[in-house]
Each structure stands twice: as C-alpha cells, then as structure tokens.
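>>> What shape does this take:
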Amino acid sequence: MRDRLIFAGLFALGFVILGASWLNIKSANADTEVPGDHSGPVMVIEVEGQANGTMRVALRDDLAPQHVERIVTLAERGDYDGVVFHRVIDGFMAQTGDVANGRADGDRRMWGTGGSDMPNLPAEFSAQSFERGVVGMARSQNPDSANSQFFIMFAPAPHLNGQYTVVGQVKDGYDVLDAIKRGTGGNGAVMGDPDRMARVSIE
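Model prediction:
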C-alpha cells in the first residue's frame, strides 16, 4: 500500500512538472499582447521578399517617447522605405532600420553600420521585458547610441531586459515576422537577397 502511495505521488509530481514545462514552452511561443489601453501611434511595415505581408507595431510612447518620436519622424519622411532586414538570427530577432546604409542597392558591407541624419538618443530603459513580438532599439556598446535601427523579437530574451530601449510590440502580422529570411553565422548576416521594408507608415 505504501509503495502504491509513493508511486502515485511521484506520478502526480511528474505530471505537474510536465505540465509546467508545457506551459513554459507555450508561454515562450505565445504572441505578446499589446496593452489594452494603448493609444499611441501604430507603425505599419509592408514587407517584401521571402516574407510578403504587413506587420503593425503598437509604438509605446508611454515607455520611450523620444525613441517613438524618432521612429515616427523617419517613417513619415519615408526614410525607412526600402531598408532591408540585414541581421536576422533564428530564434532570436530580426534587425532593420539602417536608413543611411541599409538599402538593397547599397554596399552590403555597410548594412547595419549607419543611422539617420539626426543625433543619437539617450536611453529610455523600462521594466518592459523582451518577449516575442517586442520591438527594441539597436545600439552600440554605448547605451545612449540608439538612432534609427530597431529589432523585432522572435522569442523571449531576458538578457536584454533593462539593457535596450523597448519601443513597441507587434500588434498583428506575426506570420510575416516568422517568415522573414534568416541570416547565417553567429551575427545573422543575411546573404543573397534580404527581405526589406518596402513601405513604412504611421497610423
């Protein structure tokens, strides 16, 4: 009888552990929800290439007003139009936004090295964690060096929390995000023809 109770207890414990693991996997793959009270601008990214379709990003001016203002300005000027996703790491993120050097007809050796004609921005770190669908501003080792480039998360990355400025969350178009052409090697450099932001607008 005692052995049966021990076995039953172990079985129940194993079931709980498996259930918790499944929930963690499900949570890691779940799309990040935009706050219900979001009233800020929405960035519309029309993607062309291996991925074709539209992503809509809720810009979080409540978290990073200066960075959101920068993105809105560049989008409204048309500076993001034609810029490629130059660095895409499977299971991590897709990076784009180099308005100075990041177009498909430019020197691919320069992709990801530029910003805009405006000054770099001071960091606006927040408590928002880097979950799937979260958009962050790319920067160099200097925390106050973000300018125009941004990245979109394929999966959670807790090690980025509090280290990069969160500027938004994908509202819809996760199928497009997941289809973006992946890069190769440790830095995720995209070879051949990268996907690009054909047009970026604000609504």
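
>>> CA only for contacts and neighbour counts going forward, please
Noted.

>>> So for this structure, which residue is the most central one in space?
residue 152 (1.1 Å; CA atoms, centre = their mean).

>>> What pairs with whichever strand or helix holds that one, parallel or antiparallel?
In the assignment (DSSP states H and E), residue 152 maps to strand 150-153. Paired strands of strand 150-153, with direction, are strand 93-96 (antiparallel), strand 134-137 (antiparallel) (DSSP bridges).

>>> Can you tell me which of those is most buried?
Ranked by mean neighbour count, the strands paired with strand 150-153 are led by strand 134-137 with a mean of 26 (mean count of other CA atoms under 10 Å).

>>> who's in contact with it?
32, 67, 130, 146-153, 164-170 (CA atoms under 8 Å, 6 or more residues apart in numbering).

>>> Enumerate every residue touching the residue lying closest to residue 83 once chain neighbours are set aside.
Leaving aside its chain neighbours, residue 83 sits nearest to residue 103 (4.6 Å; criterion: CA to CA, 6 or more residues apart in numbering). By CA under 8 Å, 6+ apart, the contact list for residue 103 reads 82-84, 111.

>>> so of those residues, which ones are in strands?
Per DSSP state E, strands hold the following members of these: 83-84.

>>> Could you pick out the buried ones from the contacts of residue 103?
For the contacts of residue 103, a neighbour count by 16 or more other CA atoms under 10 Å gives the buried set as 82-84, 111.

>>> Which of the helices or strands spans residue 88?
strand 87-89.

>>> how far out from the middle of the chain is that strand?
11 Å (CA atoms, centre = their mean, to the nearest Å).

>>> and if you look at stretch 107-125?
16 Å.

>>> Perfect, that will be all.
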